[in-house]
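Novice: Predicted model, plus sequence, below.
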Amino acid sequence: MTAATPSLSITPLKGVRVLTLALNLPGPAAVMRLQAMGAKCTKLEPLPPAGGTTLDPMGLYKPEAYAVMHQGVKVVQADLKSERGQVALHKQLAQTDVLITSFRPSALKKLGMNWADLHRAYPALCMIAIVGSPGERAEEPGHDLTYLAENHLVTGLELPATLYADMGGSLLTTEAVLKALLLRQRPGRSHGKGVFQEIALSDAAAYLALPRTWGLTTPQGDVGGAHAGYKVYPCKNGRVAVAALEPHFAARLCEAAGLSTDPAKQMQKKATHEALAAFFLTQTRQQLDRLAASKDIPLHSLAR
């Protein structure tokens, strides 16, 4: 188990059968969480060439990550464009509760896997289709970086620190699986019937971008640099990430730095930014770590 997965002692999905055709990161990351929640997960991958082990891009360029995400997942391989591959696919579908895909709609249609046909053949099957962009834009090519850029989450020329849209999309996929299973259990005319949900990675990026859309993380926002107690400062032998946003934390920070303890009126002022910057330059990481512990100030020291 990793920090990103639920506790294995909590298995609400025990008995649920998940079949995934999703490659790369969002789908496998979602399945990693579903498997940890007790689901019985099977992955059907494209058949690799002779001597190959996988055609999943993640398995090719980062085998260690592939191994983590597929721990406990049964992996089978087949050429879905062949008759034999189709037989293998439908053998799996006949005993599946939730199908997860990450193909464009046109590719699913070519493989005979559009929702209308699947729902007719397997009425209880739920399907979660991961796409790049929603609706009519689902055929557009894209990747995590383009979805972040579209939602104003790429600043300057540096790449984002992680794959936010992909990982956010994996969480939305996990949520969609839980939602589908709940809807299938709901009493009424649709009881026992499978449901279809589309998860767009660009929507995941847009959701993660909401704080910026609201102005919270823009340079004028309190958590975007305007508040002197919520910034990254250089210190004597590294950096320090300070999150003294609430008045009581800001007051403790100002007191430690020898400044006025009236943060409500001081934290947006240029003089406060400059004074805190000067204070941190006199402190080592070790001193700041001790200060955080003794004064109950939310900060974390970092190497250069």
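Specialist: Structure received.
Novice: Nearest residue to the middle of the protein?
Specialist: Nearest to the mean C-alpha position of the chain, by Cα atoms, centre = their mean, lies Met167 at 2.0 Å.
Novice: Where does that one sit, in terms of helix or strand?
Specialist: Taking DSSP states H and E as the definition, Met167 sits inside helix 164-185.
Novice: Buried residues in that helix, which are they?
Specialist: Neighbour counts over helix 164-185 (16 or more other Cβ atoms under 10 Å) mark 164-174, 176-177, 180-181, 183-184 as buried. (Glycine included, C-beta is placed from N, CA and C.)
Novice: Tell me the pLDDT of Gly263.
Specialist: Just to correct that, residue 263 is Pro rather than Gly. In this model, Pro263 is scored at 67, pLDDT.
Novice: now Leu55
Specialist: pLDDT, Leu55: 93.
Novice: Report the beta-bridge partner residues of the residue lying closest to it once chain neighbours are set aside.
Specialist: With Cβ to Cβ, 6 or more residues apart in numbering as the criterion, Leu55 has its nearest non-adjacent residue at 4.3 Å, and that residue is Pro46. Here Pro46 sits in beta bridges with Ala78, as judged by DSSP bridges.
Novice: So which elements touch the helix holding Met167?
Specialist: If you count contacts as 3 or more Cβ pairs under 8 Å, 6 or more residues apart in numbering; DSSP states H and E, helix 164-185 packs onto helix 26-36, strand 98-101, strand 126-131, helix 144-150, strand 196-200, helix 201-208.
Novice: quick one, which of those is nearest to Ala107?
Specialist: If you check each of the helices and strands packed on helix 164-185 against Ala107 by Cβ to Cβ, strand 98-101 wins as the nearest, at 8.8 Å.
Novice: what about the helix holding Met167, distance to the chain center?
Specialist: The chain centroid and the centroid of helix 164-185 are separated by 11 Å under Cα atoms, centre = their mean, to the nearest Å.
Novice: What of stretch 112-129?
Specialist: 26 Å.
Novice: Make 26 the starting number, not 1.
Specialist: I'll keep to 26 as the first residue from here, and by that count the last item is stretch 137-154.
Novice: which residues are contacting that stretch?
Specialist: Contacts to stretch 137-154, defined as Cβ atoms under 8 Å, 6 or more residues apart in numbering, come from residues 111, 114-115, 118-119, 121-128, 130, 133, 198, 201-202, 205-206, 209, 217-224.
Novice: Try it again at 6 Å.
Specialist: Under the criterion Cβ atoms under 6 Å, 6 or more residues apart in numbering, residues 118, 123-126, 133, 198, 201-202, 205, 217-223 lie in contact with stretch 137-154.
Novice: same check, this time on stretch 236-256
Specialist: The set of residues external to stretch 236-256 that reach it, using Cβ under 6 Å, 6+ apart, is Val267, Ala268, Ala269, Leu270, Ala275, Leu278, Met292, Gln293, Thr297, His298, Leu301.
Novice: In that stretch, which residues are buried?
Specialist: Arg237, Thr242, Gly246, Asp247, Val248, Gly249, His252, Ala253, Gly254, Tyr255, Lys256.
Novice: distance of the fourth one from Lys320?
Specialist: Right, the one you point to is Asp247. 21 Å (Cβ to Cβ, to the nearest Å).
Novice: got it, and the fifth one?
Specialist: As defined by Cβ to Cβ, Val248 lies at a distance of 21 Å from Lys320.
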